[in-house]
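S.K.: Generate a structure from the sequence data that follows.
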Amino acid sequence: MDEDRICFEAGGRKLTLYKAGRRNAPLIVLNNFSGDGSSIASQMRMIGCPDCSLLSIGELNWDHDMTPWYCPPLTKKDTPCTGGADEYLQVLLDQILKETLARTDGEPVYLGLAGYSLAGLFALYAMYRTDRFARVCSMSGSLWFPDFREFALSHPLVRKPDRLYLSVGDKEARSRIRMLQSVQDNTEFLAGFYQKQGIETEYELNPGNHYQDAALRCAKGIAWILK
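M.R.: Next up, the predicted model:
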């Protein structure tokens, strides 16, 4: 990944494409809570991440686009998750990827899907809905999400990824919010579950809570699936 950066819009979202330094390099799609992905791209360069193009997608309706079904607010000040993942995935596949691939050099050897927090949940959910992504990483994914563990066990994958990375912070399960307390157990369980299905899977327990070293955690996950 070099310094060549392209900003454009598609599907009602703001997109930033960090182009690879060579033709036909892998394209990693990153759904981003805020910003243009520059901090993650910088960390990827710092840790010597293998060359790829990185697409950072912003302007997301986070609690809608990244969630597979309804979830009530976690606190009185919170908003509900409204389950728009299938709708957003169609926009991603039909509009965002089309416009992005028109701007890459050559044809990416494969596509990867990456995400942090709810976007990490979305990355795993997408494995059950599309075969477009050959490699997937979920960093500090919201795998506490109600009924997702049961969904993952009871539904077939549309495509088994070639490589799958999951991580969580070692303090994330210490939340005062009861629903969040299952996040480490669910992440570890699902990592083992996918591994037993023959998927090359890496699980990493990072130091800190949900908000610590987010850009670095993303960079490490993306680097691993690019190996």
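
S.K.: For Gln181, give me its contacts.
M.R.: Each residue near Gln181 by C-beta atoms under 8 Å, 6 or more residues apart in numbering is listed here: Trp144, Ala173, Arg174, Ser175. For glycine as for every other residue, the C-beta is placed from the backbone atoms N, C-alpha and C.

S.K.: can we see that at 6 Å?
M.R.: Counting by C-beta atoms under 6 Å, 6 or more residues apart in numbering, Gln181 touches Ala173, Ser175.

S.K.: So what does it look like in phi/psi?
M.R.: Here is the backbone geometry of Gln181 (degrees, to the nearest 10): phi -70, psi -10.

S.K.: so Leu54 touches Lys19, yeah?
M.R.: No - taking contacts as C-beta atoms under 6 Å, Leu54 lies outside contact range of Lys19: 8.6 Å.

S.K.: So between those two, which is more surrounded?
M.R.: More neighbours surround Leu54 than the other of Leu54 and Lys19, with 26 against 20 (other C-beta atoms under 10 Å).

S.K.: Can you report phi and psi for the more buried one?
M.R.: Main-chain torsions, Leu54, degrees, to the nearest 10: phi -120, psi 120.

S.K.: now swap in Pro146 and tell me
M.R.: phi -60, psi 130.

S.K.: Next, find the distance separating Val158 from Thr100.
M.R.: Per C-beta to C-beta, to the nearest Å, Val158 is found 21 Å from Thr100.

S.K.: same question but for Phe145, I mixed them up
M.R.: Applying C-beta to C-beta, the value for Phe145 to Thr100 is 27 Å.

S.K.: ok, the nearest residue to Tyr110 once chain neighbours are set aside - how many residues close by?
M.R.: Leaving aside its sequence neighbours, Tyr110 sits nearest to Ala134 (C-beta to C-beta, 6 or more residues apart in numbering; 3.9 Å). Using other C-beta under 10 Å, Ala134 has 18 neighbouring residues.

S.K.: Begin at 31 from now on, thanks
M.R.: Sure, I'll start numbering at 31, so the last one becomes Ala164.

S.K.: Between Val188 and Thr130, point out the one with more neighbours.
M.R.: Neighbour totals were compared for Val188 and Thr130, and Thr130 leads with 22 against 13 (other C-beta under 10 Å).

S.K.: give me every residue that touches that one.
M.R.: Neighbouring residues of Thr130 by C-beta under 6 Å, 6+ apart: Leu85.

S.K.: where's Thr97, which helix or strand?
M.R.: Thr97 belongs to no helix or strand when assigned by DSSP states H and E.

S.K.: so what's the closest residue to it other than its chain neighbours up against?
M.R.: Of all residues not flanking Thr97 in the chain, Cys111 sits nearest, at 3.9 Å (C-beta to C-beta, 6+ apart). For Cys111, the contacting residues are Asp93, Thr97, Cys101, by C-beta under 6 Å, 6+ apart.

S.K.: As a check, name the ranges of all strands in this protein.
M.R.: 35-40, 43-48, 57-61, 83-88, 100-101, 111-112, 141-146, 165-169, 193-199, 230-236 (DSSP state E).

S.K.: Thank you, goodbye.
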